[in-house]
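# Please find the sequence and the predicted model below.
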Amino acid sequence: MLPNIPTLIIATLTFLTSPSTAEDVGTSQVLLNPVTYGGSGCPQGSLDVTYTDNNLYADFHTFNPSTDPGAPITAQRKNCQLNIDLQYPVGVQYAPGTVTFKGHADLSEGVTATLKATWYFSGG
């Protein structure tokens, strides 16, 4: 059985913005502050984040949970939380439009892997 799942996950998050007035707010008025992140699957320095047009790309370099059945649960399950801080004009609403994950996993026969993503909005 393989001791680790070498994994490269690239998450693409497309933001949809819609003004609450008839005035067109373009994406130039939406500011993406530096993305912060942390968790057992993405220690500092292990994630590249780029933002182009309405897309945010997060490239995880060390997201490697163990497939060893004797490994502690903390080695078998990994997580990463991204904090995406946006500044936008009053009256603008936004939501994730599309989230895409790309990657690979080398698994032994009978071993399964699950990727779960959740998101929430915080702040005012």
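Thanks, I have the structure now.
# which residues of the protein score low on pLDDT?
Low-confidence segments of the chain, defined by pLDDT under 70: 1-27, 123-124.
# Run the chain-centre distance for stretch 58-67.
Distance of stretch 58-67 from its chain centroid, counting by Cα atoms, centre = their mean, to the nearest Å, is 12 Å.
# brain fart, stretch 60-75
Using Cα atoms, centre = their mean, the offset of stretch 60-75 from its chain centre is 18 Å.
# Do I have it right that residue 39 meets residue 79?
Yes. At 4.4 Å, residue 39 counts as touching residue 79 under the criterion of Cβ atoms under 8 Å. All C-beta spots, glycine's among them, are computed from the backbone N, C-alpha and C.
# quick one: which of those two has more around it?
In this view residue 39 and residue 79 are compared by other Cβ atoms under 10 Å, and residue 39 has more residues nearby, 15 against 12.
# I'd guess residue 74 is in a helix, am I close?
Yes. Residue 74: assigned to a helix according to DSSP: H, G, I helix; E, B strand; the rest coil.
# Pull the contacting residues for it.
Residues near residue 74 by Cβ atoms under 8 Å, 6 or more residues apart in numbering: residue 40.
# Any figure for the gap between it and residue 39?
For residue 74, the distance to residue 39 equals 11 Å [Cβ to Cβ, to the nearest Å].
# Now do the buried residues in stretch 30-48.
Within stretch 30-48, the residues scored as buried using 16 or more other Cβ atoms under 10 Å are 30, 37, 41, 42, 47.
# Fine by me, thanks again.
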